[in-house]
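K.L.:
Give the three-dimensional model of this entry:
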Amino acid sequence: MQLKTMERMVLTDFIEKRSARKADKPKAGARSVVETFRLRVAEQKEYLEAYERDPTGFKKWRSTWFQRVPGGFGVSIGRDAVSAGQGLSYVVVETAKEVAEFLDDLAQHAEEDLGFQKALEENRARRAAVLNAAKAQSRAAKSASVKSPARAPRAKTGPRRVKTKAGE
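P.N.:
Residues are numbered from 1 along each chain as shown. The predicted structure follows:
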């Protein structure tokens with residue numbers, strides 16, 4: 001009995017401790033689009049610094065918004081078709097320093113330009129819709145594959161009657 005009481009106390013302490021931590025965890029999507037965008041720009045600046053330290057050993061090209069192109073760097077605003085105004089979503093600059101300046105300008109633009117903020121919101125909503133549709137399709141495919149085929153009814157098993165000779 002005492003062991004079960006101690007187990008219950010340990011479990012209760014565990015649940016209280018874990019639930020308190022979970023309560024402090026920020027919810028997904030709680031950041032504003034501007035804050036999220038600024039964090040993405042900061043990440044791109046880190047990639048740029050890594051590129052500048054070792055241009056030949058840089059291997060994160062698939063994660064960057066900038067690429068080497070003839071005459072400099074091509075810089076896009078993320079992987080999405082987000083316009084920074086007047087259709088500007090891709091530029092070519094000559095130096096890594098200009099890439100950094102463009103990223104800084106983008107961060108400032110995201111904070112001050114209401115049209116750009118609206119474009120970021122629309123992009124977030126579009127991406128969420130695509131993600132939710134993919135999840136729903138995945139769930140539907142999974143539930144269809146989980147269903148078992150109809151089984152034939154089982155034969156009843158039970159005691160068999162033994163044939164006996166009449167008259168015995």
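
K.L.:
tell me which element residue 123 is part of?
P.N.:
helix 114-146 (DSSP states H and E).

K.L.:
other SSEs contacting that helix?
P.N.:
In terms of contacts (3 or more C-beta pairs under 8 Å, 6 or more residues apart in numbering; DSSP states H and E), helix 114-146 is packed against helix 33-53, helix 96-112. All C-beta spots, glycine's among them, are computed from the backbone N, C-alpha and C.

K.L.:
What lies in contact with the shortest one?
P.N.:
This points to helix 96-112. Helix 96-112 is contacted by residues 33-34, 37-38, 41-42, 44-45, 48, 51-52, 65-66, 72-73, 75, 77, 84-85, 91, 93, 116-117, 120 when judged by C-beta atoms under 8 Å, 6 or more residues apart in numbering.

K.L.:
Can you flag the buried ones in those residues?
P.N.:
When the contacts of helix 96-112 are checked for burial by 16 or more other C-beta atoms under 10 Å, the buried set is 33-34, 37-38, 41, 44, 48, 51, 65-66, 72-73, 75, 77, 84, 91, 93, 116-117, 120.

K.L.:
pLDDT weak spots in this protein?
P.N.:
Low-confidence regions of the chain, defined here as pLDDT under 70, cover residues 1-30, 78-87, 145-168.

K.L.:
Reformat the helices and strands packed on helix 114-146 as JSON lines; add distance to residue 142.
P.N.:
Listed next are these as JSON lines, based on distance: least, C-beta to C-beta, whole Å:
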{"stretch": "helix 33-53", "distance to residue 142": "30"}
{"stretch": "helix 96-112", "distance to residue 142": "38"}
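
K.L.:
Nearest to residue 136, out of the ones you listed?
P.N.:
Taking C-beta to C-beta, helix 33-53 is the member of the helices and strands packed on helix 114-146 nearest to residue 136, at 23.6 Å.

K.L.:
next helix or strand past that closest one?
P.N.:
According to DSSP H and E, the helix or strand after helix 33-53 is strand 66-69.

K.L.:
quick one: contacts of that following strand?
P.N.:
44, 47, 48, 61, 73, 74, 75, 76, 92, 99.

K.L.:
How much space separates residue 70 from residue 92?
P.N.:
Noted for residue 70: a distance of 9 Å to residue 92, by C-beta to C-beta, to the nearest Å.

K.L.:
in a strand, that's where residue 75 is, yeah?
P.N.:
Yes: according to DSSP: H, G, I helix; E, B strand; the rest coil, residue 75 belongs to a strand.

K.L.:
which residues does it contact?
P.N.:
65, 66, 90, 91, 92, 93, 99, 102, 103.

K.L.:
try 6 Å this time
P.N.:
Contacts for residue 75 were tallied using C-beta atoms under 6 Å, 6 or more residues apart in numbering; they are 65, 66, 91, 99, 102.
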